[in-house]
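# how would this look folded up:
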Amino acid sequence: MKLRVGVVGLGPGWEARHRPALLALGDRFEIRAVCAEVAARAAQVAAEFEAVPVDGFRVLAARDDIDAVLVLTPEWYGPLPILAACESGKAVYCAEAMDLDPRRAREIKRRVEDSGVAFMAEFPRRHAPATLRLKELIATTLGTPQLLYCHERQKVESSNGSVARPRCPSEIRDLLELVDWCRYVVGRDPTSVVGVNHDSAVCARHDYQMMSLAFSEHGASGALAQISYSRYLRTEWHEAVSFRPPAQLQVCCERGVAFVDLPATLIWFDDAGRHLEALDRERPVGEQMLMQFHRAVTSLIRKVDDLEDAYQALAIVRAAQESSDAGRRIRLRD
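Numbers count the residues shown, from 1 in each chain. Sure thing, here's the model as predicted:
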């Protein structure tokens, strides 16, 4: 069954991830309408896919020839396209994180659940070949994760001596994905979080954020994940930007340790020594996620797990900020 979709927003992942995936999966997806903040770009993409450019996301979601809405960037309208899709009974593929306050996030979650539509949040890190293979090794060879060290180092552009924000991906998007990545690898939710932020000396924002997630269970000590997100290396420091980047994820397990660099690099060690996995021939992550969305919409089983995952990740990021402001550990409730 070919799914008729409308595209809302052409974000930073369009050229590298979404456009190639939709072209490769032409037998499963047919773009019928495109809505973007820049009308000329929407018309260009619509012409490429033989679709119709649409002025507003509400008009797009209400079209009779649309089965699902692909929200590929929040732009200025935030979560409103998700609500419009729910009102029209259309499935939602959400590729961008929404920086919402807890009350607003709960409202969005409730509206999606009440609508009865399928919802999928895009988490590229958990669907990457290296992550999927890591989960297999945890279940068969390495054993239960004990310690996780998760790193993301973004470079920033500077102008006239002042450091500007990184262009993409957004800060909240990265933090949500890193939290979800650790939750997915461990296989359960953290019970508490400690957050620490460092303010930049040259502009009013954080240049380093750290959070420590404790996965204790029934009072017993469990896994511990440390997430660090930095934005202090400037683009003009060419050698420093590429100097000794840490592994994006290091996982110490009961019977070994693994080092992951996305999308397809996995090196792990056990008593037998060093093992290098060749994963570069796997299907691209963008195609894998859209294929899962296609199955979710066309099957009889409604998919809303990603909605809960996105909501939980946002709650943890908010709790980490609260922890940094208050200077104490924050317990996480169900």
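
# checking Leu178 next. Helix, strand or coil?
Recorded secondary structure, Leu178: helix (DSSP: H, G, I helix; E, B strand; the rest coil).

# and whatever helix or strand Gln226 lives in, which strands flank it?
In this structure, Gln226 sits in strand 220-234 according to DSSP states H and E. Here strand 220-234 has these sheet partners by DSSP bridges: strand 145-156 (parallel), strand 206-217 (antiparallel).

# pull out the buried residues from it.
For strand 220-234, a neighbour-count test (16 or more other C-beta atoms under 10 Å) marks 222-234 as buried. (Each C-beta comes from the backbone N, C-alpha and C, glycine too.)

# again, but for stretch 190-203
Of the residues in stretch 190-203, those buried under the neighbour-count criterion (16+ other C-beta under 10 Å) are 190-195, 197.

# can I see the domain layout of the protein?
The chain breaks down by automatic domain parsing into domains covering 3-123+286-302, 125-279+316-331.

# turn these into JSON lines, columns for mean pLDDT.
Conversion of the domains of the chain to JSON lines gives the following (pLDDT from 0 to 100):
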{"stretch": "domain 3-123+286-302", "mean pLDDT": "89"}
{"stretch": "domain 125-279+316-331", "mean pLDDT": "85"}
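
# for Ala310, which of the ones you listed is the nearest?
With C-beta to C-beta as the measure, domain 3-123+286-302 is the member of the domains of the chain nearest Ala310 (4.1 Å).

# pull the distance from that closest one to the chain's centre.
Counting by C-alpha atoms, centre = their mean, to the nearest Å, domain 3-123+286-302 is centred 15 Å from the centre of its parent chain.

# identify the residues contacting Glu30.
Neighbouring residues of Glu30 by C-beta atoms under 8 Å, 6 or more residues apart in numbering: 2-5.

# A strand includes it, no?
Yes: secondary structure of Glu30 (three-state DSSP): part of a strand.

# where along the stretch 51-200 of the chain do the helices fall?
57-62, 80-87, 102-115, 124-127, 129-137, 171-186 (DSSP state H, counting those that start in this stretch).

# which other residues reach the fourth one?
Outside of helix 124-127, the residues that reach it under the criterion C-beta under 8 Å, 6+ apart are 17, 131, 177-178, 180-181, 184, 262-263, 285-286, 288-289, 292.

# which residues are contacting stretch 34-43?
Applying C-beta under 8 Å, 6+ apart, the set of residues contacting stretch 34-43 from outside is 6-10, 45-46, 49, 51-57, 59-60, 75-76.

# rerun that using 7 Å as the cut-off
Stretch 34-43 is contacted from outside by 6-10, 45-46, 51, 53-54, 56-57, 60, 75-76, using C-beta atoms under 7 Å, 6 or more residues apart in numbering.

# what residues of it count as buried?
Buried residues in stretch 34-43, counted by 16+ other C-beta under 10 Å: 34-36, 42.

# which non-adjacent residue is nearest Thr298?
Sequence neighbours aside, Met1 is the residue nearest to Thr298 in space, at 5.1 Å (criterion: C-beta to C-beta, 6 or more residues apart in numbering).

# was I right about that neighbour contacting Val297?
No: contact between Met1 and Val297 fails when scored by C-beta atoms under 7 Å: they sit 8.8 Å apart.

# comparing the two, which shows the higher neighbour count?
Between Met1 and Val297, counted using other C-beta atoms under 10 Å, the more crowded position is Val297 (21 against 8).

# quick check: which helices or strands does the longest helix belonging to the chain pack against?
Longest helix in the chain by number of residues, with DSSP state H as the criterion: helix 305-326. The helices and strands touching helix 305-326, judged by 3 or more C-beta pairs under 7 Å, 6 or more residues apart in numbering; DSSP states H and E, are helix 102-115, strand 119-121, helix 171-186, strand 192-199, strand 330-331.
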